[in-house]
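Enquirer: give me a 3D structure for the following:
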Amino acid sequence: MSVCPHVSDLPRPEPAPLSDTCLECRAAGTQPVQLRLCLDCGHVGCCDSSPARHATGHFQETGHPVMRSFEAGENWRWCFVDGSIV
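Expert: Modelled structure (predicted):
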């Protein structure tokens with residue numbers, strides 16, 4: 001895990017998830033592989049193992065830097081800007 005200046009800028013408490021799945025995948029009729037929660041706004045998107053990579057797309061569109069796994073039993077976070085687990 002690395003030190004990331006973006007973590008200190010995150011809202012506290014973390015935002016509530018805006019959905020229980022990747023709505024972009026649902027709209028496209030596809031199944032997300034893994035879910036990720038944006039820690040800036042609560043957007044839920046699929047991971048880079050999913051064909052559409054909606055969590056990364058959300059970062060590219062919004063600049064929201066840090067997400068965490070939205071999978072049961074996982075709590076790791078990833079900073080898109082730093083390219084590392086934080």
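
Enquirer: which residues in this protein form helices?
Expert: With DSSP state H as the criterion, the chain has helices at 23-28, 54-62.

Enquirer: make a markdown table from those helices and add mean pLDDT to it.
Expert: Output for those, formatted as a markdown table (pLDDT from 0 to 100):
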| stretch | mean pLDDT |
| --- | --- |
| helix 23-28 | 97 |
| helix 54-62 | 98 |
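
Enquirer: residue 65 contacts residue 79, correct?
Expert: Yes. Between residue 65 and residue 79 there is a contact at 5.4 Å, judged by C-beta atoms under 8 Å. Backbone N, C-alpha and C define where each C-beta goes, glycine included.

Enquirer: give me the common contacts of those two.
Expert: Taking C-beta atoms under 8 Å, 6 or more residues apart in numbering as the criterion, residue 65 and residue 79 both touch residue 6.

Enquirer: which strand residues bridge residue 77?
Expert: residue 68 (DSSP bridges).
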